[in-house]
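S.K.: fold the following, please.
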Amino acid sequence: GVNPGVVAHTTLLKGLCEAGRIDESREALKEMLQVGCQPNIRTANTLLRGYRRAGEVEAAVELLQQMEEEWGLAPDATS
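M.R.: Numbers count the residues shown, from 1 in each chain. This next block holds a predicted model:
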C-alpha cells in the first residue's frame, strides 16, 4: 500500500483535532509512528493546538516531552 508522508498525516491530525476528535488524533499519531513516518514541528504544533483547545493540558505536556525526547524536536515560537 501507499505510505502517506508527514504532510498527509499532519493534515489528518489537524482535521481530527479541529473536529474535537482528540482520542482519534492520538490513535492516528500512533499509526503514523508505527509506519515509520517521523513527525515534524508542524505535526507537534497541530496536536498541541488541538489538545489546548480541548483542555487536554496533561496530554499537551506529555507531547512536549515526547517531541523533544523521542522526535528530537525543540519547541518553536508557536509551540
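S.K.: now residue 52: closest residue in space, sequence neighbours ignored.
M.R.: For residue 52, ignoring the flanking residues on the chain, the nearest one in space by Cβ to Cβ, 6 or more residues apart in numbering is residue 60 at 5.9 Å. In short, each C-beta sits where N, CA and C put it, glycine included.
S.K.: shouldn't that neighbour be in contact with residue 48?
M.R.: Yes - if you go by Cβ atoms under 8 Å, residue 60 and residue 48 touch, sitting 5.4 Å apart.
S.K.: which one of those two has more residues nearby?
M.R.: residue 48 (21 against 17; other Cβ atoms under 10 Å).
S.K.: so what's the backbone phi/psi at the more buried one?
M.R.: Dihedral pair for residue 48: phi -60, psi -40, per degrees, to the nearest 10.
S.K.: ok, residue 63 - contacts?
M.R.: Residues in contact with residue 63 (Cβ atoms under 8 Å, 6 or more residues apart in numbering) are 44, 47, 48, 51.
S.K.: distance of the residue lying closest to residue 73 once chain neighbours are set aside from residue 14?
M.R.: Closest residue in space to residue 73, ignoring its immediate chain neighbours: residue 67 at 4.4 Å, by Cβ to Cβ, 6+ apart. According to Cβ to Cβ, to the nearest Å, residue 67 stands 16 Å off from residue 14.
S.K.: that'll do, ta.
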